[in-house]
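In: Predicted coordinates and the sequence they were generated for:
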Amino acid sequence: MERKYPNLCSPITIGNITFRNRMFSAPMGGTDITNDGCIGPKSTAFYELRAKGGAGAVTVSECMVHPQTDGSHAYHLDTSILNSLASATYAADAIRRHGAMPSIELSHSGMYAGTYMTDKGRQKSMNQWGPSDTVRPDGVEVKALTKEMMAEIAAAYGNVAGLAKRAGFEMVMIHGGHGWLLNQFFSPYFNHRTDEYGGSLENRCRFAIEVLKAVRESVGPKFPIEFRMSGSELFEGGYDLAEGVRIAQQIEPYIDLLHVSAGTYQRGFGDTHPSMFKEHGCNVYLVEEIKKHVSVPVATIGGLNSPEQMEEIIASGKADVVYMARALLADPFLPRKVTENRDGEIVKCLRCFTCMAERAATSTRRCTVNPLIGREMEGCEVQPAPVKKKVLVAGGGPGGLYAAYTAARRGHEVVLCEKESELGGILKSEQALPFKQEMYELAGTYAHMAKQAGVEIRLNTEVTKEYAQKEQADALIIAAGSSPLVPPISGLDGDNVVIVNNYYLEKEKVGDDVVVFGGGLAGCECAIHLGMEGKKVHLVEMREELAPDANVRHRPLLLKEIEKYVTVHTGYKGLEVTAEGILCEDKNGGKQLVPGSSVICALGQRPRTGYVEELRDAAPFTAVIGDAAKVSTITNAVYWGYHAALDI
């Protein structure tokens with residue numbers, strides 16, 4: 001067959017291994033790491049799903065090589081630990097048996113040991129070790145590694161690499177980026193040594209080269225060694241791209257693949273993990289420049305989820321391999337869909353950080369658009385229903401669409417009714433915000449999947465109790481969503497007011513001076529967009545904090561964008577909307593006019609409780625999902641919809 005994306009689908013040989021395509025799964029941390037650092041069965045299933053999905057390589061993240069100086073709670077590969085080698089072997093085999101090549105990332109956190117993901121310093125009893133004596137921003141003292149300790153760590157890298165090969169891994173990735181130990185030695189910001197490991201760039205690269213030599217000695221010739229580096233640290237005092245090129249040249253003789261990322265985790269989470277506010281492929285310029293100066297294959301990463309963009313990266317010679325992490329949470333089968341010319345079925349990552357926020361909060365994984373993530377062992381294949389039934393779904397938002405899709409895959413006769421002329425529910429409003437385009441497109445993707453699965457979709461059709469009974473539905477899934485909360489404030493029904501849900505329909509009504517009324521997630525994101533358009537934006541919020549409904553990973557990046565574009569008024573209670581703006585009461589009881597000729601009402605949503613009550617007895621089996629049950633998140637709407645369909 002003729003591949004739509006021939007360069008992306010072409011094999012590549014690295015060292016003595018041929019990978020089936022150029023789409024690699026980037027390191028993503030496991031979720032059931034045992035107390036002694038073994039890979040748990042849930043993590044094995046997590047990595048295996050990417051292999052089933054067609055990735056060329058799947059990288060297990062992060063294996064810490066020297067627990068004596070690195071107390072981070074991650075994997076350890078150590079024959080003195082019961083089941084350590086066995087658990088690694090099971091993980092490598094789970095990946096390899098599906099045709100993907102298993103790789104494992106070897107790392108040391110250095111001065112940030114014990115703070116990985118949670119930043120809570122769980123290993124306070126341990127000394128923190130880095131290139132130089134210093135004190136971390138959180139007050140933790142860091143001691144400089146001695147040469148004897150460095151030699152021990154380099155040997156540990158070699159020892160663990162040899163064990164990884166023994167376990168069946170076909171490649172090892174040495175993590176030298178994102179602010180971890182080897183990056184700390186590269187960085188003039190972190191490395192202030194005066195011996196042969198500090199000062200000149202050659203000296204700052206010396207330790208990484210010693211590590212790579214130890215790894216090579218352990219794994220032998222031709223076995224692929226990948227090195228992950230930040231092409232630029234992207235903060236003042238760190239190294240820039242020009243020095244990144246020189247670091248790459250120093251490292252090149254000892255590696256088979258150079259993986260170019262960006263940033264330093266502890267000083268720029270939005271750089272190491274690009275947010276929705278950054279362009280897709282924001283790191284490609286780094287790898288493109290570095291590739292001009294090295295001869296080994298190079299890989300890129302950073303917000304990539306479009307086959308068209310990734311094909312262009314490979315075809316134009318900017319990189320030889322593309323890595324994806326969150327994109328393969330959203331759709332583990334993205335590579336297979338690309339190779340089979342089914343790219344129209346790809347569910348794209350929203351870059352919403354639900355996955356990483358959940359891991360920080362509960363040490364588990366969730367994905368907004370993929371309810372399988374974190375629950376892979378429960379079964380990734382939807383099983384046929386023993387008794388085929390007629391299922392009626394009321395509401396064509398994300399939860400309703402995914403419920404209909406799942407029910408149809410089980411063999412049920414499924415009819416989805418949407419009272420409006422367009423599917424998508426609340427997602428329709430996202431089309432007005434360019435940085436949330438994937439969220440708007442999600443409804444179209446889900447609708448395509450549902451139709452392919454056999455769902456009959458009826459637009460301009462509201463489900464009533466009589467309608468459901470007339471259809472003789474055996475099961476009814478109520479996914480009717482929510483409605484905007486518009487309190488009885490004087491002037492809030494004026495011609496200068498636009499409800500945030502309707503902004504995409506009434507953009508022309510919004511002038512150059514705007515007051516956004518409501519500082520939750522929806523209000524903040526709309527305010528940022530208006531500011532990006534060059535409008536003068538004020539934001540009024542009664543609470544003292546903005547966007548408490550945003551997750552812990554997205555919220556700090558959101559607030560940084562607010563600082564750029566918006567004048568914020570917290571502790572302000574809106575009293576009246578006028579033609580000049582919003583008259584407010586401040587926290588001291590004084591009256592303040594927040595000026596703006598246009599007002600965006602973003603005061604929240606409320607479930608359609610009355611409608612739900614009307615339908616509760618409209619079918620033998622009834623399930624209420626999404627905002628119709630409780631105003632929540634797309635994550636919950638999709639997850640509840642998926643399981644409602646499994647329960648029929």
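Out: On my side now, so go ahead.

In: which element is the residue nearest to residue 96 when sequence neighbours are not counted on?
Out: Of all residues not flanking residue 96 in the chain, residue 102 sits nearest, at 5.3 Å (C-beta to C-beta, 6 or more residues apart in numbering). For every residue, glycine as well, the C-beta is placed using N, CA and C. Per DSSP states H and E, residue 102 falls inside strand 101-107.

In: how far out from the middle of the chain is that strand?
Out: 20 Å (C-alpha atoms, centre = their mean, to the nearest Å).

In: quick one, what contacts residue 506?
Out: residue 498 (C-beta atoms under 8 Å, 6 or more residues apart in numbering).

In: ok, it to residue 563 distance?
Out: 27 Å (C-beta to C-beta, to the nearest Å).

In: same check, this time on residue 595
Out: For residue 595 relative to residue 563 (C-beta to C-beta), the value is 20 Å.

In: now do residue 312
Out: With C-beta to C-beta as the criterion, residue 312 and residue 563 are 34 Å apart.

In: So between these two, which is more surrounded?
Out: Set residue 312 next to residue 563 and count neighbours by other C-beta atoms under 10 Å: residue 312 wins out with 16 against 9.

In: give me the element that one is part of.
Out: Going by DSSP H and E, residue 312 is in helix 307-315.

In: Given whichever helix or strand comes after that helix, what are its sheet partners and their directions?
Out: From helix 307-315 onward toward the C-terminus, using DSSP H and E, the following helix or strand is strand 321-324. Sheet partners assigned to strand 321-324 using DSSP bridges are listed as strand 23-28 (parallel), strand 298-300 (parallel).

In: Among the ones you listed, which comes closest to residue 398?
Out: Among the strands paired with strand 321-324, the nearest to residue 398 by C-beta to C-beta is strand 23-28 (23.4 Å).

In: residue ranges of the strands in the stretch 301-450 of the chain, please?
Out: Assigned by DSSP state E, counting those that start in this stretch, the stretch 301-450 of the chain shows strands spanning 321-324, 390-394, 413-417.

In: Just give me how far the shortest one sits from the chain centre.
Out: It stands for strand 321-324. Worked out by C-alpha atoms, centre = their mean, strand 321-324 lies 15 Å from the chain centre.

In: That one: which residues count as buried?
Out: 321-324 (16 or more other C-beta atoms under 10 Å).

In: Report how many residues lie close to residue 631.
Out: Neighbours of residue 631 using other C-beta under 10 Å come to 17.

In: My error: substitute residue 378 in the last question.
Out: Residue 378, neighbours per other C-beta under 10 Å, totals 10.

In: Which pLDDT does the model give it?
Out: pLDDT for residue 378: 84.

In: Kindly provide the distance from it to residue 386.
Out: 18 Å.

In: and what of residue 582?
Out: 58 Å.

In: Looking at these two, which has the bigger crowd around it?
Out: residue 582 (27 against 7).

In: just checking, that one touches residue 514?
Out: No: between residue 582 and residue 514 there is no contact under C-beta atoms under 8 Å: 10.8 Å.

In: Find residues that contact each of these two.
Out: With C-beta under 8 Å, 6+ apart as the test, residue 582 and residue 514 both reach 596, 599.

In: quick one, phi/psi of the closest residue to residue 178 other than its chain neighbours?
Out: Among residues not flanking residue 178 along the chain, residue 265 sits closest, at 4.6 Å (C-beta to C-beta, 6+ apart). Note on residue 265: backbone dihedrals following degrees, to the nearest 10 are phi -50, psi -50.
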